[in-house]
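For reference, the sequence and a predicted model appear below.
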Amino acid sequence: MEKPSESTLWKRIGGILRWNRTSYLIMSSFIALILLIIYIWWPLVVEYFATYDSATPFWKQLDWLLIGIFLFMSLLIMANANIKADSPIVFIGFMGGLVIESWGTQTHLWNYFTFERPPLWIIPAWPIASLSIDRLFRLINLSVKKIPENRFVWFYWAIFPAFYVFMLSFVWVTIDKSLTVMSLILCAFLILTPTNYRATVITFLAGSGLGYFLELWGTTRLCWTYYTFQQPPFFAVLAHGMAAVSFLRVYWLFHAFKPQLTSFFLRNCSFAKDGDSTLKIP
């Protein structure tokens with residue numbers, strides 16, 4: 001039997017994952033962002049390559065976990081990409097990641113090896129993770145669509161109160177910090193005001209699942225270290241799930257107010273004609 005050519009194989013994979021022009025645009029932007037980070041923070045790259053040991057085989061020194069995570073997330077973010085739907089996810093992930101990293105590093109719940117609070121080079125990882133979780137959500141949702149909604153109500157009230165107990169236990173050492181108090185209030189509000197039980201539970205599971213491998217890589221490579229020195233702490237894994245849920249709620253809020261926002265800007269902002277491109281606000 002004749003083996004399929006490499007190009008045919010990629011076409012089949014692309015067809016299964018529903019790759020399109022936006023998929024390649026997102027992947028190109030992802031690679032460009034990585035190259036930009038390497039260029040700006042070149043000293044960190046040099047420091048990393050300085051750990052290479054010529055006496056040890058090259059393949060043994062490769063970070064296979066990082067490569068696996070990179071390839072897995074790359075395939076996910078390219079799957080059935082849509083620029084309109086994905087743009088808010090990217091923006092919310094970026095801003096949410098900045099807030100979360102600021103909270104954790106400012107209160108010293110975790111610290112990066114560069115001692116930046118927070119390091120800007122880690123922030124772009126959040127929107128990439130958000131896109132990946134969105135794709136995981138779609139896959140899981142399709143596989144559990146036969147489970148009745150009332151089951152997810154039970155799952156919700158079993159998972160989230162338990163998470164909050166873990167959170168209280170983990171962050172209690174910084175309870176005197178305003179950022180921690182605000183985080184606790186926000187999480188309590190989100191937990192006590194459920195909207196879509198199914199989507200919330202699935203998003204939490206998807207975020208926690210991806211978060212485990214991200215935290216495993218980061219903590220075992222000492223890229224970041226928690227005050228408990230666990231590699232990784234169980235709470236940190238679950239926190240990725242809660243972060244994904246909070247981003248989802250913001251995403252829903254954005255779409256709820258999108259018509260009003262669009263109407264407001266169309267009504268109050270207009271571009272002048274006749275070559276004048278100045279934004280005019282009445």
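Sure thing, it's come through. Since this is a predicted model, take the numbers as computed values, not measurements.

Which parts of this structure are helices?
Assigned by DSSP state H, the chain shows helices spanning 6-16, 21-40, 42-49, 58-61, 64-78, 83-106, 125-143, 149-171, 178-192, 197-220, 234-268.

Reformat those helices as JSON lines; add mean pLDDT and distance to Thr228.
To be clear about C-beta, it is placed using only N, CA and C from the backbone, and glycine gets the same treatment. Listed next are those as JSON lines, based on pLDDT from 0 to 100; distance: least, C-beta to C-beta, whole Å:
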{"stretch": "helix 6-16", "mean pLDDT": "57", "distance to Thr228": "41"}
{"stretch": "helix 21-40", "mean pLDDT": "83", "distance to Thr228": "28"}
{"stretch": "helix 42-49", "mean pLDDT": "78", "distance to Thr228": "25"}
{"stretch": "helix 58-61", "mean pLDDT": "79", "distance to Thr228": "29"}
{"stretch": "helix 64-78", "mean pLDDT": "91", "distance to Thr228": "21"}
{"stretch": "helix 83-106", "mean pLDDT": "94", "distance to Thr228": "13"}
{"stretch": "helix 125-143", "mean pLDDT": "94", "distance to Thr228": "22"}
{"stretch": "helix 149-171", "mean pLDDT": "96", "distance to Thr228": "8"}
{"stretch": "helix 178-192", "mean pLDDT": "96", "distance to Thr228": "15"}
{"stretch": "helix 197-220", "mean pLDDT": "96", "distance to Thr228": "10"}
{"stretch": "helix 234-268", "mean pLDDT": "87", "distance to Thr228": "9"}
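
Pro119 is nearest to which of those helices?
Comparing the helices of the chain by their distance to Pro119 (C-beta to C-beta), the top pick is helix 83-106, with 7.7 Å.

List the buried residues for that closest one?
For helix 83-106, a neighbour-count test (16 or more other C-beta atoms under 10 Å) marks 86, 88-90, 92-94, 96-97, 99-101, 103-105 as buried.

can you check stretch 68-76 too?
For stretch 68-76, burial by neighbour count (16+ other C-beta under 10 Å) applies to 69, 73-76.

rewinding a little: now distance to Phe113 too, for the helices of the chain, in a markdown table please.
A markdown table is the format used below for these (distance: least, C-beta to C-beta, whole Å):
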| stretch | distance to Phe113 |
| --- | --- |
| helix 6-16 | 36 |
| helix 21-40 | 15 |
| helix 42-49 | 9 |
| helix 58-61 | 19 |
| helix 64-78 | 15 |
| helix 83-106 | 12 |
| helix 125-143 | 15 |
| helix 149-171 | 21 |
| helix 178-192 | 22 |
| helix 197-220 | 10 |
| helix 234-268 | 16 |
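
Among those helices, single out whichever gets nearest to Glu116.
Nearest of the helices of the chain (C-beta to C-beta): helix 83-106, 7.4 Å.

now for the closest one, which elements pack on it?
helix 21-40, strand 110-112, helix 125-143, helix 178-192, helix 234-268 (3 or more C-beta pairs under 8 Å, 6 or more residues apart in numbering; DSSP states H and E).

Done for today, thanks.
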